[in-house]
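K.L.:
pasting the sequence and the predicted model now:
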Amino acid sequence: MISELGHFALVLALAVAVVQAVVPLIGAQKRWSGWMAVADPAAVVQFVLIAVAFGALTWAFVTSDFSLRLVVLNSHTDKPMLYKVSGVWGNHEGSLLLWVLILAAYGSAAALFGGNLPATLKARVLSVQGMIGVAFLAFLLFTSNPFLRLAEPPLNGDDLNPLLQDPGLAFHPPFLYLGYVGLSMAFSFAVAALIEGRVDAAWARWVRPWTLAAWIFLTIGIALGSWWAYYELGWGGFWFWDPVENASFMPWLFAAALLHSAIVVEKRESLKAWTILLSILAFGFSLIGTFIVRSGVITSVHAFANDPERGVFILMILGVFMGGALTLFAARAGAMEAKGIFAMVSRESALVVNNLLLAVAAFVVFVGTIWPLVAEMLWDRKLSVGAPFFDAAFSPFMIGLAVLLPIGAMLPWKRAEVGRVFRQLIPALILAVACGLLAWALETGRSAVGPVAAALGAWLVFGALTDLWARTGRGAVRGRLQRLGRLPRADWGRVTAHAGLGVTMIAVGAMNAWATEIIKVVQVGESFPLHGYEVTLNKVEQVEGPNYLSTMAEMAVRRDGREVAVLYPEKRVYPVQAMPTTEAALDYGFFRDIYLVIGDPQDNGGWAIRGYWKPLANWLWIGAALMALGGLLSLSDRRYRVAAGAARRAAAPVAAE
Amino acid sequence: MRLILALCLSLLAFPALAVQPDEVLPDPALEARARAISQLLRCPVCQGENIDDSNADISRDLRLLVRERLVAGDSDDAVIDFVVDRYGEFVLFEPRATGSNLVLWLAGPGMLLLGGIAAFAFLRRRAAQQTEALSAEEEARLKEILKE
């Protein structure tokens, strides 16, 4: 009964989305305020209806309602509650329902908090948002209905893929979708602005928070996925250039470019056409990502739907939205006249270079991802494009970005002198070179990757600090320190995010260059050395978990005779899916992780053991967290809060104090 | 990587972890070369992984094959050629920059060049407008104003 209610709510939501797509659009064209006003309640009602559907599906999972096909395929009564809930989006149908739920949530947020938007712009934004809703609700209902019933329900389900039964992965998809779908707002604003034929500073100020939010969510989502891969897959890799990872990375790069170019539109009324194009492309690549994950066209390891029919449907959605938006862009972009004038050397130019590097880097990832498909279609060549290609073709852009970023971030608007900025950055440069040399002197091999990454990362971090200090102006140190606290949050955000990028870069370099590994047969009671630590295999025993059986080792890690940690790496078998997983055990540290994995028992007694020493592994997630925090600080800047506050006052004039 | 790994795992009831202790060559220099080569080769059945990380049986065979060739004295390139000759281009993670693959390798630099030219033209146009903004007359007036 509850499932039928959910199904019915979903059908109703589609009907409401159709109304939301059509009525406000006509209203905005004819200037009928009544028709335009339909958008607000429609967006909210659509959200409520989808939320009811999502609630119904969640209820089915929580109560293990095995009359639903989806629950049978992805759940089991013995599964812990957290994974019963995360099982809702651990599959194609449910994750798509989450996708449309988030889409509707963004739409209703724009309806509720967009009080200060011009009426026609708001109506058109919500109409475009409604169109996207129609497309995806239709996709959901016609090809991927989550509420299908079974005539003969089985007694128990097939369980969720054990690899997905993990806290890191439980929250990875929602964050990614919040990011992907958040870019739909930038898209809707771009299309609405093209229909209006008007882009100004105010438009950029409305678009930027949505883009920032989407970028923050994408950052967190990607970092969670990477962290999960690091500790779950058993060899401590954190990025594999897999097509599905690339699918999330491309929108991230475009979103990063977009939130920088939107600053130029906001502050200087320039780069308008480019910013519109980026808004369209950023969402376009979100859709391409959806296509890659769910069509099975590009062989990927993420097991979601491999259904050609669904692939064709998504391709149609992609074609209609990108084709439509780009046609509109071609027709109207000429009208976006740029106002701001600036010199060759200026912050505007620096941001153009930033956009060039980020966009081309995203393009390289895109070409590399679809190349196997292209080569097979055109030349019948079956080939692979993997990590070695991306390392070689993508990294130069990031190196270029890192070299230029600290200088670009400090250039003043309109007209600047590189020499003047560079002189301020000399201490940062010296420190960066010193870090690189230190890394070079300390490393055992003679690899260039580690020292270069250390120098570049340090250049970014110290450059960001220099940037912050320079913002406090001149005068006595005490006065400048006081001014530090009064700087706009946007400044703090910029500096934090740029430093975060530096920290991440240092970690990537360190992990690639200096991680050490040991693979060994170890007898119970035996010890072996691991990068200055001594690891002892104390015992191995069989343990029973809620829905799995585990072979658990106890291993003591010592340094100079002093115990550092006792770790329990496991090898689990999930009987329902007859699937084994490795659960590595980690001793997290600020400067290094100790990473232990237990393998198979050997014929002559003893166990295959793998141990890793991973330098600065945590800096990866710290760097990502700093980037996300920087985004949050920027998002909470006064100029956005003031705008939001104005909207609230206009909407509800509460009693004055 | 991730879920095909799951797939690979479910094919083999009890998988071995990637590189096994018995595979490791006694000569550390040779072993290091073997590891580097292994990371360039794709496991033919679990499509997203290199043979160094993969748990599949065929990856183990390939890892042993690579080591065999290295011990026999082949150069790194010769070993890679040996494997590619038998298993096809598909196992090579770094596509060779020949024939149609040149498009792939040149896509990035080419796009950077095109984008760079477009961006440069755009910036010059904006900068040129600025220099036009002050005529000689205005310059003179500006000087006068500054004098006052």
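P.N.:
In hand now; what should we look at? Numbering: from 1, shown residues only, chains lettered A, B, ... in the order given.

K.L.:
output the set of residues of the stretch 151-300 of chain A in proximity to chain B.
P.N.:
For the stretch 151-300 of chain A, the contact set with chain B under CB under 8 Å from any CB of the partner chain comprises A:161-163, A:229, A:233-235, A:237, A:240, A:242-243, A:270, A:299-300. The way it works is simple: take the backbone N, C-alpha and C, and place the C-beta from them, glycine included.

K.L.:
flag the least confident of the residues you listed.
P.N.:
Ranked by pLDDT, these bottom out at A:Ser300, which scores 48.

K.L.:
where in the chain is pLDDT low?
P.N.:
By default, I'm working from chain A. A:295-308, A:337-338, A:641-657 (pLDDT under 70).

K.L.:
wrong one, I was asking about chain B
P.N.:
Chain B contains residues with pLDDT under 70 at B:1-17, B:47, B:129-134, B:148.

K.L.:
what segments of it are strands?
P.N.:
Under the criterion DSSP state E, chain B contains no strands.

K.L.:
run through the neighbouring helices and strands of the lengthiest helix in it.
P.N.:
Identified as the longest helix of chain B according to DSSP state H is helix B:101-133. On a contact count with 3 or more CB pairs under 8 Å, 6 or more residues apart in numbering or on different chains; DSSP states H and E, helix B:101-133 meets helix A:347-379, helix A:387-410.

K.L.:
could I get these in a markdown table, plus columns for mean neighbour count?
P.N.:
Below are the helices and strands packed on helix B:101-133 laid out as a markdown table (neighbours: other CB atoms under 10 Å in any protein chain shown):
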| stretch | mean neighbour count |
| --- | --- |
| helix A:347-379 | 21 |
| helix A:387-410 | 19 |
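
K.L.:
in JSON lines: those, plus distance to B:Ile58.
P.N.:
Formatted as JSON lines, the helices and strands packed on helix B:101-133 follow (distance: least, CB to CB, whole Å):
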{"stretch": "helix A:347-379", "distance to B:Ile58": "20"}
{"stretch": "helix A:387-410", "distance to B:Ile58": "20"}
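
K.L.:
one step back: only whichever of the residues of the stretch 151-300 of chain A next to chain B are buried, select them in ChimeraX.
P.N.:
Per 16 or more other CB atoms under 10 Å in any protein chain shown, the buried members of those correspond to this ChimeraX selection:
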select /A:161,162,163,229,233,234,235,237,240,242,243,270,300
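
K.L.:
pick out the most distant pair among the residues of the stretch 151-300 of chain A next to chain B.
P.N.:
Pairwise distances across those (CB to CB) peak at 52.4 Å, for the pair A:Pro162 and A:Ser270.

K.L.:
checking A:Gly611 next. Helix, strand or coil?
P.N.:
Secondary structure state of A:Gly611, per DSSP: H, G, I helix; E, B strand; the rest coil, is strand.

K.L.:
equivalent analysis for A:Met552, please.
P.N.:
Going by three-state DSSP: A:Met552 is strand.

K.L.:
hmm, who's touching stretch A:310-328?
P.N.:
A:92, A:131-132, A:135-136, A:139, A:142-144, A:187, A:190-191, A:194-195, A:280, A:283-284, A:287-288, A:290-291, A:294-297 (CB atoms under 8 Å, 6 or more residues apart in numbering or on different chains).

K.L.:
A:Ala343 - that's part of a strand, no?
P.N.:
No - counting by three-state DSSP, A:Ala343 falls outside a strand, being coil.

K.L.:
export the helices and strands packed on helix B:101-133 as TSV, with columns for distance to chain B.
P.N.:
What follows is the helices and strands packed on helix B:101-133, written out as TSV (distance: least, CB to the nearest CB, whole Å):
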stretch	distance to chain B
helix A:347-379	4
helix A:387-410	4
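
K.L.:
A:Leu70: which of those is closest?
P.N.:
helix A:347-379 (29.0 Å).

K.L.:
counting contacts, what elements does the helix or strand harbouring A:Ser108 pack onto?
P.N.:
Counting by DSSP states H and E, the element that carries A:Ser108 is helix A:92-113. Applying 3+ CB pairs under 8 Å, 6+ apart, one finds that helix A:92-113 contacts helix A:2-30, helix A:39-62, helix A:69-74, helix A:119-143, helix A:172-196, helix A:272-295, helix A:638-651.

K.L.:
and residue 126, what does it touch?
P.N.:
Picked chain A for this. A:Gln20, A:Pro24, A:Ala39, A:Asp40, A:Ala42, A:Ala43, A:Gly107, A:Ala110, A:Ala111, A:Ser188.

K.L.:
that was the other one, I meant chain B.
P.N.:
B:Arg126 neighbours (CB under 8 Å, 6+ apart): A:Ser270, A:Ala338, A:Gly340, A:Ile341, A:Phe342, A:Glu348.

K.L.:
swap in 6 Å and give it another go.
P.N.:
A:Ile341, A:Phe342 (CB atoms under 6 Å, 6 or more residues apart in numbering or on different chains).

K.L.:
chain neighbours aside, what residue packs nearest to the residue nearest to the spatial centre of chain B?
P.N.:
The centre of chain B sits closest to B:Glu94, judged by CA atoms, centre = their mean, with a distance of 6.1 Å. Closest residue in space to B:Glu94, ignoring its immediate chain neighbours: A:Pro388 at 3.6 Å, by CB to CB, 6 or more residues apart in numbering or on different chains.

K.L.:
got it, and A:Trp215?
P.N.:
Nearest to A:Trp215 is A:Ala255, by CB to CB, 6+ apart, at 4.2 Å.

K.L.:
same for whatever helix or strand that neighbour lives in, what does it pack against?
P.N.:
Assessed by DSSP H and E, A:Ala255 sits inside helix A:243-268. Judged by 3 or more CB pairs under 6 Å, 6 or more residues apart in numbering or on different chains; DSSP states H and E, the packing partners of helix A:243-268 are helix A:201-232, helix A:272-295, helix A:347-379.

K.L.:
tell me the helix or strand right after the shortest one.
P.N.:
Sequence-wise, the next helix or strand beyond helix A:272-295 is helix A:308-332, with elements assigned using DSSP H and E.

K.L.:
taking helix A:119-143 as reference, get the angle to that following helix.
P.N.:
Calculated by axes from the mean of the first three to the mean of the last three CA atoms, to 10 degrees, helix A:308-332 forms an angle of 160 degrees with helix A:119-143.

K.L.:
list the buried ones in helix A:308-332?
P.N.:
Buried residues in helix A:308-332 (16+ other CB under 10 Å): A:Arg310, A:Gly311, A:Phe313, A:Ile314, A:Ile317, A:Leu318, A:Phe321, A:Met322, A:Ala325, A:Leu328, A:Phe329, A:Arg332.

K.L.:
just to revisit the earlier point, quick check: the residue nearest to the centre of chain B touching A:Phe389?
P.N.:
Yes - the criterion here is CB atoms under 6 Å, and B:Glu94 meets it with A:Phe389 at 5.2 Å.

K.L.:
domains of chain B?
P.N.:
Per automatic domain parsing, the domain ranges recorded for chain B read B:2-91, B:101-147.

K.L.:
pick the most deeply packed of those.
P.N.:
domain B:2-91 (a mean of 18; mean count of other CB atoms under 10 Å in any protein chain shown).

K.L.:
could you give the separation of it from the chain centroid?
P.N.:
18 Å (CA atoms, centre = their mean, to the nearest Å).
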